[in-house]
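> Quick one, fold the following:
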Amino acid sequence: MTSPPAQTEAEYQLDPLGDITLVVTSPTEPERHLRASCKTLCLASSVFKAMIGPDSSFLEKHSSRMNLVDDNFDALLLVLRAVHLQNRLIPFNISAEKLFHVAVVCDKYDLTDSVMPWTEIWIRNFKDVAQTSRYERWLRISWVFQRAEIFEKVTRRLILETEFNPAGNLVTEGGETFTEGIPDSVIGMIILLTFGLVTDGIPADDITTHRHDLIEMLLNLVRGEFDKYRLCVTNETHVCTLPRSSYSSLTTSKAAQCDVISLGTLTKYLMCWNIWPDCQASAWKRSPATLMRSLREMSHYGDAIVYTWSNKGHPKDTHDKCSPKGRIIKAIDTYFTNIVVCCKLPGSESDLALPVEIEKEEL
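Numbering: from 1, shown residues only. Sure thing, here's the model as predicted:
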């Protein structure tokens, strides 16, 4: 199919015999006019029917003009051309950015069903949308157009990468917002699903609380490590994995040094992350995924002299297993083996349950 001709004012005649002019205004774009059919608009959209339909109580019902404010004009024009069956002027391929604005328009005016054949064509041209630079926009696209497979992939990434910016807004690690147009229950579920919970609705005020709980769970792993070393002081024992049968005054001293190095390493990282000494979730401003990655990437000093010893059959054993990093990673892997994304998409009759297997390298 050839590309549609360049736009002219005449092309804004969606219906040359139309009985209403849509005046599209935006702070960033010039005023545009679209000549349209009231009956077509009412058939396609419950919103337009409420505004200009025969039973409408709005003033627009008695006017031949209707103002549409803050809409992306190109997206609105594309959608209304589809509604008025101007198919020859509609491209088979559009950008992801334009598709996002189309979703916004369809959501605002309840036009999703009316343009469904076209959205099916546009969406199938995109692959691996969850790996794109502006992947968060696909959350709204998939929500509006009921694309469960895309919703699952994008939600999977958002579960791991959501954080709050200094203004208190929920954003991706790249600082992009994604909550506009998405019900609070869905946004809250992005946080809650990390716990494997399912709920019908979560107030927006609770989102911060549930994110806090996830970070608190991760920090509990760290606190548990500190508790191990605290008990060692009380019980005069060691976390060090040096075999007890090898204990002597020398090896006991090395085991003590091992514990000191491990504890010091853990303390150093917490200080670098600005969550020492209290280890409070409120002190962590980044995403849960960033905290998980930080815990995974901690260094340990298995090649240090104090970390080696001679033992029968093991001429040079190391203290690699003594590092708190290994225990923390094992706990994370056990907890995040599987996350089930459950969400009711618009128009679905039952909850959509999508198994999401988290890759270890994503954490």
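
> got a list of what the closest residue to Ile20 other than its chain neighbours touches?
Leaving out its chain neighbours, the residue that sits closest to Ile20 by Cβ to Cβ, 6 or more residues apart in numbering is Cys38, at 5.0 Å. No exception for glycine: its C-beta is placed from N, CA and C like everyone else's. If you count contacts by Cβ atoms under 8 Å, 6 or more residues apart in numbering, Cys38 has them with 18-20, 52.

> Buried ones among those?
Using 16 or more other Cβ atoms under 10 Å as the burial test, the contacts of Cys38 include 18, 20, 52 as buried.

> What is the nearest of these to Pro117?
Distance to Pro117, by Cβ to Cβ, is smallest for Gly18 among those, at 22.5 Å.

> Please look at that closest one and Arg35 and confirm they touch.
Yes - in this structure Gly18 lies within contact range of Arg35 using Cβ atoms under 8 Å: 4.4 Å.

> Point to the residue nearest the middle of this structure.
Central residue of the chain (Cα atoms, centre = their mean): Leu158, 1.9 Å from the mean position.

> Please tell me how far that one sits from Glu173.
From Leu158 over to Glu173 the distance is 10 Å, taken as Cβ to Cβ, to the nearest Å.

> And the helix ranked longest in the chain, what's buried?
Counting by DSSP state H, the longest helix found in the chain is helix 207-235. Residues of helix 207-235 classed as buried by neighbour count (16+ other Cβ under 10 Å): 207, 210-212, 214-215, 217-219, 221-222, 225-226, 228-229, 232.

> try stretch 86-93
Buried residues in stretch 86-93, counted by 16+ other Cβ under 10 Å: 86, 90.

> Could I get the CA-only coordinates of that stretch as CSV?
The C-alpha trace of stretch 86-93 is given here as CSV (Å, rounded to 0.1, in the frame of the first residue of the first chain):
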residue,chain,number,x,y,z
GLN,A,86,-11.3,6.8,5.5
ASN,A,87,-9.2,3.7,5.2
ARG,A,88,-7.2,4.8,2.2
LEU,A,89,-5.7,7.6,4.3
ILE,A,90,-4.6,5.3,7.2
PRO,A,91,-1.0,3.9,7.2
PHE,A,92,-0.4,0.2,7.9
ASN,A,93,2.7,1.1,10.1
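
> tell me the mean pLDDT for that stretch?
Summarised as a single mean, pLDDT over stretch 86-93 is 94.

> How far away from the center of its chain is that stretch?
Stretch 86-93 has its average C-alpha position 32 Å from the chain's average C-alpha position, going by Cα atoms, centre = their mean, to the nearest Å.

> Name the next helix or strand downstream of the longest helix of the chain, please.
Per DSSP states H and E, the first helix or strand lying C-terminal to helix 207-235 is helix 249-272.

> all strands for the stretch 51-200 of the chain, in order.
65-69, 163-164, 170-171 (DSSP state E, counting those that start in this stretch).

> Same check on the stretch 251-363 of the chain?
With DSSP E, counting those that start in this stretch as the criterion, the stretch 251-363 of the chain has strands at 308-311, 314-318, 339-343, 352-356.

> Now the one helix or strand Leu43 maps to: buried residues?
Assigning secondary structure by DSSP H and E places Leu43 in helix 38-44. Neighbour-count burial for helix 38-44, counted by 16+ other Cβ under 10 Å, picks out 38-42, 44.

> Reformat those residues as a markdown table; add distance to Asn67 and pLDDT.
Formatted as a markdown table, the buried residues of helix 38-44 follow (distance: Cβ to Cβ, whole Å; pLDDT from 0 to 100):
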| residue | distance to Asn67 | pLDDT |
| --- | --- | --- |
| Cys38 | 15 | 93 |
| Lys39 | 20 | 94 |
| Thr40 | 19 | 94 |
| Leu41 | 14 | 94 |
| Cys42 | 17 | 94 |
| Ala44 | 19 | 94 |
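
> separation between Asn169 and Glu176?
Distance, Asn169 to Glu176, using Cβ to Cβ: 10 Å.

> Not counting sequence-adjacent ones, nearest residue to Lys228?
Nearest one to Lys228, counting by Cβ to Cβ, 6+ apart, is Val239 at 5.1 Å.

> what about that neighbour, how many neighbours?
Here the count is done by other Cβ atoms under 10 Å, and Val239 has 18 residues near it.

> pLDDT wise, what is it at?
The model's pLDDT for Val239 equals 82.

> ok, it - contacts?
Contacts of Val239 (Cβ under 8 Å, 6+ apart): 228-229, 232, 258-259, 262, 322.

> ok, now Glu176?
Going by Cβ under 8 Å, 6+ apart, Glu176 touches 134, 136.

> Next, give phi and psi for it.
With angles defined as degrees, to the nearest 10, Glu176 sits at phi -90, psi 130.

> picking that back up, mind putting the strands of the stretch 51-200 of the chain into JSON lines with distance to Val154?
Shown next, in JSON lines, are the strands of the stretch 51-200 of the chain (distance: least, Cβ to Cβ, whole Å):
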{"stretch": "strand 65-69", "distance to Val154": "29"}
{"stretch": "strand 163-164", "distance to Val154": "16"}
{"stretch": "strand 170-171", "distance to Val154": "14"}
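
> List just the one of those strands that sits closest to Ile329.
It is, among these and with distance given as Cβ to Cβ, strand 163-164, at 21.4 Å.

> Okay, now the sheet partners of that closest one, with direction.
Using DSSP bridges, strand 163-164 pairs in its sheet with strand 170-171 (antiparallel).

> Flag the shaky bits of the stretch 101-250 of the chain, pLDDT-wise.
In the predicted model of the stretch 101-250 of the chain, residues 130, 159-160, 181, 183-211, 242-250 satisfy pLDDT under 70.
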